[in-house]
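*Asks:* For reference, the sequence and a predicted model appear below.
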Amino acid sequence: MTENHASDQSPQPGQSSQPALPTRLAPGQPAPDFTLPAVNPDGGETSVTLSRLLAQGKRVVLYFYPAAMTPGCTTEACDFRDNIARLTALGFTVLGVSKDPIDKLQRFRERDHLSFPLLSDADLTVHRLYGAYGEKKLYGRTHIGVIRSTFVISVSVTGAAGTIEIARYNVRAKGHVASLMKALQ
């Protein structure tokens, strides 16, 4: 469940019934606030609200991945897990977001000993807010789906939930965290 909901308006004559593809966020833009169900590293289930984390003075690394327990997503998640101490020392909280249900996220957390919250965005609302769902190229063909994306969000001085510091789309699972760490230091 998110706090931000897209409007459900019927298309006007001459308009497509397909929802418009989301626009991508850029550094300096407000980070959309959200609340999503989550699995904590200890296996407990909770909900995570971006603005609450930011109000605690935390900076957030928010990453979107297509599906838990697939090879690329496992590589990326384990890379974040292996760098969690360094990210925490720099003042970051890592949040992984997918469309997977909580029970699958529980299995993913347990199987790979993931040490950060995994959030479930089953209806893709938050994916769309962040432009992490839309057109992508896969094996030379254009598809609509989850775009592997990462955002660094800091406390906003404008009163918004937060501000996008870094926005990266179409990232590669392997080596992505090392590249992000260089940008954060």
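*Replies:* Cool, the structure landed. The structure displayed is predicted, hence computed values, not measured ones.

*Asks:* list the contacts for the closest residue to G91 other than its chain neighbours?
*Replies:* Leaving aside its chain neighbours, G91 sits nearest to R59 (5.4 Å; criterion: C-beta to C-beta, 6 or more residues apart in numbering). Placement of C-beta: from N, CA and C, glycine included. With contact taken as C-beta atoms under 8 Å, 6 or more residues apart in numbering, R59 is in contact with 90-93, 152-155, 165.

*Asks:* do the same with L114
*Replies:* Taking C-beta under 8 Å, 6+ apart as the criterion, L114 is in contact with 41, 77-78, 80-81, 96, 108.

*Asks:* again, but for L87
*Replies:* So L87 contacts 61, 80, 94, 181, 184 (C-beta under 8 Å, 6+ apart).

*Asks:* that older thread, and the two most separated of the contacts of L114?
*Replies:* With distance counted by C-beta to C-beta, no two of these lie farther apart than P41 and C78, which are 13.5 Å apart.

*Asks:* Look at F80 and give its secondary structure.
*Replies:* For F80, the reduced secondary structure class is helix; criterion used: DSSP: H, G, I helix; E, B strand; the rest coil.

*Asks:* quick one: it and V94 touch, right?
*Replies:* Yes: when contacts are counted by C-beta atoms under 8 Å, F80 is listed as touching V94 (5.3 Å).

*Asks:* list residues touching both of the two?
*Replies:* Taking C-beta under 8 Å, 6+ apart as the contact rule, the neighbours common to F80 and V94 are 61, 63, 87, 116.

*Asks:* Which secondary structure element of this structure has the lowest mean pLDDT?
*Replies:* The element with the least model confidence among the helices and strands of the chain, by mean pLDDT, DSSP states H and E, is strand 133-138, at a mean of 84.

*Asks:* Thanks a lot, catch you later.
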